[in-house]
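Engineer: Provided below for reference: sequence and predicted model.
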Amino acid sequence: MTQLYTTLASVYHEMYQHVFDYDKEFSFYDSILKKNNCKKILEVGCGSGMLARRFLKNGYDYLGLDLSREMLDIARSEINSDSFIQCDMRSLSFDQQFDSVLITGRSIAYLTENLDIIITLSGVHNSLKDNGLLVFDLFEANGIFDNFNDFEQNIEHNNKKIRRISKLKKNLKTGWTYDWYAKYIIEDDGNVSEFEDLTTLRAFTKDEIQLFLKLTDFKLKEIIDAGKAFTIIAEKI
Ligand SMILES: C[S@@+](CC[C@H](N)C(=O)[O-])C[C@H]1O[C@@H](n2cnc3c(N)ncnc32)[C@H](O)[C@@H]1O
């Protein structure tokens, strides 16, 4: 697993509060869930629990799931809730429990093999009640590959300076995959530390994700575009 969710989990937690707008994300999911009368939810790839705290505060019957122990440690310590489990999304084993399963923060990008996607969506299917709702966001392949540029981010969090230099390389071995090399330079109270991280991510075309949904017995309800990403809303059939 990428270092970003293990040795660098606390860096992720601090950094992404300035990368993602979690209030906006919560409102987005909240309106979809309310519209579909979903109260009992599973968040897959819940990370350090930035959405979890908002779901719990707003009365959802919530369970968060993530592969990374370090990310869950942060979620548990900050939220003081036992609503989290460590599990690989490829081995979900709930039985028709949830009104909705959300896979958030483009976590599905870490599944680079077709079979892993099929196994995960089938596990989600088994975990949902009849007509249950699957909501997940993905990187959009055209958006990513049309504008395939290195980038740099500079973030300040409580006097800590986090600089990330990202370099992208086309991989294309198992779909619209690309290698993301990231160098982190962290300045904290005069001390500077550096880390390097390499991971492979997968983007999807809208056509191919619709085929994955068809193969795992989901009916597409809506696709919502968001720049280089999009969100899928689908119903269990
Ligand atoms: C970009 S983070 C998103 C975290 C959180 N949703 C957020 O918005 O901050 C991706 C998350 O997916 C998790 N993840 C990656 N592969 C996974 C897998 N196979 N099963 C479960 N979680 C996984 C990582 O540990 C990480 O917490």
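Structural biologist: Everything's here; your move. Numbers count the residues shown, from 1 in each chain.
Engineer: Specify the residue ranges that define each domain of the protein.
Structural biologist: 3-138+204-236, 142-202 (automatic domain parsing).
Engineer: ok now the shortest one, how far from the chain's centre?
Structural biologist: Between the mean C-alpha point of domain 142-202 and the mean C-alpha point of its chain there is a distance of 16 Å (C-alpha atoms, centre = their mean, to the nearest Å).
Engineer: near the ligand, which residues of the chain show up?
Structural biologist: 5, 16, 20, 45-47, 50, 66-68, 71, 88-90, 104-105, 107, 110 (C-beta under 6 Å from any ligand atom). For the C-beta atoms, the positions are set from N, CA and C on the backbone; glycine is no exception.
Engineer: Can you select the buried ones among those residues for me in ChimeraX?
Structural biologist: Buried residues among the residues of the chain next to the ligand (16 or more other C-beta atoms under 10 Å), as a ChimeraX selection:
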select :5,16,45,46,47,50,66,67,68,71,89,90,104,105,107,110
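Engineer: Distance-wise, check the residue nearest to residue 127 when sequence neighbours are not counted relative to residue 218.
Structural biologist: Nearest in space to residue 127, with sequence neighbours left out and distances taken as C-beta to C-beta, 6 or more residues apart in numbering, is residue 94 at 4.0 Å. Distance of residue 94 to residue 218, computed by C-beta to C-beta, to the nearest Å: 16 Å.
Engineer: So for the two, which residue has more residues nearby?
Structural biologist: More crowded of residue 94 and residue 218, by other C-beta atoms under 10 Å: residue 218, with 24 against 17.
Engineer: Give me the pLDDT value at residue 95.
Structural biologist: Note for residue 95: predicted pLDDT of 86.
Engineer: I'd say it and residue 127 touch.
Structural biologist: Yes. Checked against C-beta atoms under 8 Å, the pair residue 95 and residue 127 is within contact range at 7.5 Å.
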